[in-house]
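>>> Just a sequence and a predicted model for now, questions to come.
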Amino acid sequence: MLLRLLKDIFSGGNARARGERSALANEHLQRGMSHRSAGRLQDAFAEFKRAAELAPEDADCLYSLAEAAHLAGQPALALEYCAQLRRMAPQLDATDVLQAQIRFEGEHYFQVLKRILEAVQPRTYLEIGVAQGDSLRLVEAPTRAIGVDPEPQLSAPLAENQRVFAETSDAFFASHDVRAELGGLPIDLAFIDGMHHFEFALRDFANVERLATPQSTILIHDVYPLDRVTAERERHRSFWSGDIWRLIVLLKKVRPELSIHTIATAPTGLALVRNLDPGSRLLLERHDPLCKEFLALDYSWIENDMAGKLNLFPNDWAKIRALLG
Ligand SMILES: C[S@@+](CC[C@H](N)C(=O)[O-])C[C@H]1O[C@@H](n2cnc3c(N)ncnc32)[C@H](O)[C@@H]1O
């Protein structure tokens, strides 16, 4: 998604803006791009800065400058440019993506998931929310991998150890003998990345947990929002993590025995949950009152101490590895 957004910026949108941009600003912009492609980040930064000075209303110049500041190791400055960009071009989705990347340094969730898979070597893997299949395809044989998504958009064929059920996760859990589908085994590792409304993720968690073991691991994506707008239940922007954050708040309160760490990985965090109790039915039995209670929480509740309230954990592989036992 990130690559697609970046391409959009530097293709259609760019061509339009180029017509309006001064020739000199454009020269600096082009030179900056060449430097960036060649890895000369400080030179790229200097060229983009000049371009932005010459064309102060040009979002492409400012975006390039923000990105170059980030790549050149100046995150505070990069975030400042992102804030300016938001004021200048509020609808530019690429700003969200860039800001999310700057906020969490280190490996993207994809790389973190890949490392977890390699470390855990699960016998079985269940993924809720498959989309193009990019994360599901990370799972290598002999792990038996199942993906569930009502509208999978697989961009390449799956391997023999990977299967997709084209249905909602609720329907999947209600109508399948999941253990039987996994060759009689429990779920060793699960990745919840489906519907971005908290109550869906809550049911996904409860359903996975009852099919897991106390040694299993559940990963929950998108639990650490970028801002209020992208954390709303309604989708206003292309970048959207919804209100999955509520699930972390809920689990911390009603299931204090769980071990919950939210890895600070871009774009919006990855919770790693262990010390599961497959015998617990609390989340399913109290589903409605729990939803009512936690849907009433306003975003401002986490805003003042998001790291503390959502158990933020460093995106440092040695430390993450230690959580896996
Ligand atoms: C963010 S994408 C998943 C991305 C994928 N895990 C990856 O990392 O490449 C979310 C997916 O959840 C799916 N989805 C939406 N509602 C769902 C539901 N009720 N059950 C399962 N999947 C759902 C959507 O169709 C979409 O493909």
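Received the coordinates, thanks.

>>> sec struct for residue 273, please.
The three-state assignment at residue 273 reads strand, by DSSP: H, G, I helix; E, B strand; the rest coil.

>>> how about the nearest residue to it, chain neighbours excluded?
Nearest non-adjacent residue to residue 273, counting by Cβ to Cβ, 6 or more residues apart in numbering: residue 218, 4.5 Å away. For glycine as for every other residue, the C-beta is placed from the backbone atoms N, C-alpha and C.

>>> Which neighbouring elements make contact with whichever strand or helix holds that neighbour?
If you go by DSSP states H and E, residue 218 is part of strand 212-221. Applying 3 or more Cβ pairs under 8 Å, 6 or more residues apart in numbering; DSSP states H and E, we find strand 212-221 packed against helix 109-120, strand 187-192, helix 198-210, strand 270-274.

>>> what about that strand and the ligand, touching?
No: figure legend: strand 212-221 not in contact with the ligand (Cβ under 6 Å from any ligand atom); closest approach 6.8 Å.

>>> So which bits of the stretch 151-300 of the chain are right by the ligand?
151, 168, 169, 193, 194, 195, 200.

>>> Let me see the contact set for the last one.
Read that as residue 200. 169, 170, 194 (Cβ atoms under 8 Å, 6 or more residues apart in numbering).

>>> next one: residue 123
Residue 123 touches 142, 143, 144, 185, 188, counting by Cβ under 8 Å, 6+ apart.

>>> Not counting its neighbours along the chain, what's nearest the first one?
In this structure, residue 142 finds its nearest non-sequential neighbour in residue 161, 6.7 Å apart by Cβ to Cβ, 6+ apart.

>>> and that neighbour, what are its phi and psi?
Main-chain dihedrals, residue 161, degrees, to the nearest 10: phi -80, psi 0.

>>> Isn't it up against residue 146?
No: the pair residue 161 / residue 146 is not scored as a contact, 9.8 Å apart, by Cβ atoms under 8 Å.

>>> Pick out whichever of those two has more residues nearby.
residue 146 (24 against 14; other Cβ atoms under 10 Å).

>>> Run the angle between the helix or strand where that one lies and helix 109-120 for me.
Taking DSSP H and E as the definition, residue 146 sits inside strand 144-148. Per axes from the mean of the first three to the mean of the last three Cα atoms, to 10 degrees, the angle that strand 144-148 makes with helix 109-120 is 150 degrees.

>>> continuing past strand 144-148, what's the next helix or strand?
strand 162-165.

>>> for the record, mean pLDDT for the helix or strand where residue 76 lies?
Element membership for residue 76 (DSSP H and E) is helix 75-88. Averaging pLDDT along helix 75-88 yields 95.

>>> picking up where we left off before, and of the helices and strands packed on strand 212-221, who's closest to residue 136?
strand 187-192 (8.6 Å; Cβ to Cβ).

>>> what lines up beside that closest one in the sheet?
Sheet pairing for strand 187-192, assigned by DSSP bridges, gives strand 124-128 (parallel), strand 212-221 (parallel).

>>> Now mean pLDDT too, for these, in TSV please.
Formatted as TSV, these follow (pLDDT from 0 to 100):
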stretch	mean pLDDT
strand 124-128	98
strand 212-221	98
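
>>> on that earlier part again, tell me which other helices or strands the helix holding residue 76 touches.
helix 59-71, helix 93-103.

>>> Quick one: find the helix or strand in this structure with the lowest mean pLDDT.
Across the helices and strands of the chain, mean confidence by mean pLDDT, DSSP states H and E is lowest for helix 2-8: a mean of 44.

>>> where does the stretch 1-150 of the chain have low pLDDT?
1-20 (pLDDT under 70).

>>> again, 90 this time
1-23, 91, 105 (pLDDT under 90).

>>> Which positions in it make contact with the ligand?
Selection of the stretch 1-150 of the chain residues close to the ligand by Cβ under 6 Å from any ligand atom yields 128, 129, 130, 131, 132, 134, 135, 148, 149, 150.

>>> Take the contacts of residue 123 and write them to a markdown table, including distance to residue 95.
A markdown table is the format used below for the contacts of residue 123 (distance: Cβ to Cβ, whole Å):
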| residue | distance to residue 95 |
| --- | --- |
| 142 | 43 |
| 143 | 37 |
| 144 | 40 |
| 185 | 44 |
| 188 | 38 |
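
>>> need the strands paired with strand 187-192 in JSON lines with mean neighbour count, can you?
Supplementary listing: those in JSON lines, determined by neighbours: other Cβ atoms under 10 Å:
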{"stretch": "strand 124-128", "mean neighbour count": "27"}
{"stretch": "strand 212-221", "mean neighbour count": "20"}
